[in-house]
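Peer 1: Please work out how this folds:
(one chain, ligands or ions: 1)
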Amino acid sequence: MLEIRQLAAGYPGGGRVLDGLDLSVPEGAFVAVLGRNGMGKTTLMRAICGLLRASEGTIGLGGEDITGLASYARAQRGIGYVPQGREIFGDFTVAENLTIGRIAKPGLSPAVPRHLLELFPILAERSRQRAGSLSGGQQQQLAIARALAGEPRLLLLDEPAEGIQPSIVQEIAQKLREIVDTTGLTVLMAEQNLAMVDGWADSLAFVDHGAIAESGVAAAGIRQDQSRLSKYLSI
Ligand SMILES: Nc1ncnc2c1ncn2[C@@H]1O[C@H](COP(=O)(O)OP(=O)(O)OP(=O)(O)O)[C@@H](O)[C@H]1O
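Peer 2: Numbering: from 1, shown residues only. You can find the predicted model right below:
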């Protein structure tokens, strides 16, 4: 589904953040990219969804080279993005946020599919409430549901566990697993919180100084893998 080869990307005046990064994500898989702060997880997510240009390398989606495409064209081809910090529209209602997720993708009707509200009952309950008044965990669910409302094939999530209480982390991880299993959605998540991936993701890739140091590592049991945890996460 996603094939990244020798990707290099960075920020103006800041040099390369990603350098020679290779990553493959099979269709229907739930893959998590783990790494310490500043190793390039957000930069990778932004490069995949087109918010940051690659200076070298290629990004393929479903067999198509999307490296040169603008972010809206990548969204049209099925990339959904849940950014770090969620970026929901706090002054709009929950329902309006979900509608924005629908209409942002040309060709979709504005009506939010019922199955999405069944998956996130708290959002159905609070649909008329200002999104900014939700708890952090509820806002994260809204950010995920808003991205899913655009019916992506590939969902990118950037540290969705950040600032969220442990019980809600489990709930969100379980929902993502359920969506992958029932719809065939492909998920690529950047994380540092092991509770979000251990037992939920299929496999892990470790990013170290802008490149993937190891990939295809089983997610189940990673909390006991002390040598990788100290090597890649300093814990
Ligand atoms: N807008 C920017 N301009 C310049 N440098 C940046 C910018 N954003 C990030 N960087 C730098 O790029 C490097 C990688 O940052 P990135 O945010 O991708 O890391 P990360 O692994 O997602 O870390 P975190 O977990 O802290 O979000 C860091 O050295 C960071 O300082």
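Peer 1: how many other residues sit next to Ser127?
Peer 2: Residues within reach of Ser127, counting by other Cβ atoms under 10 Å, total 15. Every residue, glycine included, has its C-beta placed from N, CA and C.
Peer 1: Let me know the pLDDT of it.
Peer 2: Per-residue pLDDT puts Ser127 at 96.
Peer 1: For it, list the residues it contacts.
Peer 2: Thr93, Val94, Ala95, Leu98, Leu117 (Cβ atoms under 8 Å, 6 or more residues apart in numbering).
Peer 1: which SS state does it fall under?
Peer 2: coil (DSSP: H, G, I helix; E, B strand; the rest coil).
Peer 1: Provide the backbone phi and psi angles at it.
Peer 2: When read as degrees, to the nearest 10, the backbone of Ser127 gives phi -60, psi -30.
Peer 1: who wins for neighbours among the contacts of Ser127?
Peer 2: Looking at the contacts of Ser127 with neighbours defined as other Cβ under 10 Å, the largest count falls to Val94 at 30 neighbours.
Peer 1: Other residues contacting the helix or strand of the chain with the lowest mean pLDDT?
Peer 2: Every helix and strand of the chain was ranked by mean pLDDT, DSSP states H and E. The lowest is helix 114-119, at a mean of 93. Residues outside helix 114-119 that contact it (Cβ under 8 Å, 6+ apart): Leu98, Leu123, Ala124, Ser127, Ala145, Leu148, Ala149, Lys175, Glu178, Ile179.
Peer 1: Tell me the spacing between the residue nearest the centre of the chain and the ligand.
Peer 2: The residue lying closest to the centre of the chain (Cα atoms, centre = their mean) is Leu157, at 1.5 Å. Look at Leu157 and the ligand: by Cβ to the nearest ligand atom, to the nearest Å, they are 12 Å apart.
Peer 1: Next, the contact list for that residue, please.
Peer 2: Going by Cβ under 8 Å, 6+ apart, Leu157 touches Val82, Ile144, Leu176, Val187, Leu188, Met189, Ala190.
Peer 1: Those in helices, which ones?
Peer 2: Ile144, Leu176 (DSSP state H).
Peer 1: Out of the contacts of Leu157, the closest to Ser234 would be?
Peer 2: The nearest member of those to Ser234, counting by Cβ to Cβ, is Ala190 at 16.4 Å.
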